[in-house]
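Asks: Could you look at this predicted model? Sequence included:
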Amino acid sequence: MAFKIIAEKCAGCGTCVDACPVNAIEMKDGVAEINESACLSCGACAGSCPVDAVQPE
Ligand code: SF4
Ligand code: SF4
């Protein structure tokens, strides 16, 4: 299962960046973005987001 970040929901807190075990998330213009080629689909980012901006796709 892959995950994506809903840009409109992202509050820019950076929590998911710290939660990702392989540093696959970067902040760009205040919005988190997943680098899909590095992502392991572990779901840690989705579990860490306080506003449910990370969703399975
Ligand atoms: S699913 Fe896991 S590996 Fe992929 S971006 Fe989220 S925390 Fe990182
Ligand atoms: S944890 Fe959620 S609100 Fe915070 S930067 Fe990541 S996607 Fe955005």
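Replies: Sure, I can see it. Ligands and ions are numbered 1, 2, ... in the order given.
Asks: can we go C-alpha only for contacts and neighbour counts from here?
Replies: Noted.
Asks: Can you show me the helices along this protein?
Replies: If DSSP state H is used as the criterion, the helices of the chain fall at 15-19, 44-48.
Asks: who does the first one touch, helix- and strand-wise?
Replies: Under the contact criterion of 3 or more CA pairs under 8 Å, 6 or more residues apart in numbering; DSSP states H and E, helix 15-19 touches strand 25-28, helix 44-48.
Asks: now do 7 Å
Replies: Judged by 3 or more CA pairs under 7 Å, 6 or more residues apart in numbering; DSSP states H and E, the packing partners of helix 15-19 are helix 44-48.
Asks: that older thread, mind putting the helices of the chain into TSV with distance to Ile25 and mean pLDDT?
Replies: Rendered in TSV, the data for the helices of the chain read as follows (distance: least, CA to CA, whole Å; pLDDT from 0 to 100):
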stretch	distance to Ile25	mean pLDDT
helix 15-19	5	98
helix 44-48	9	98
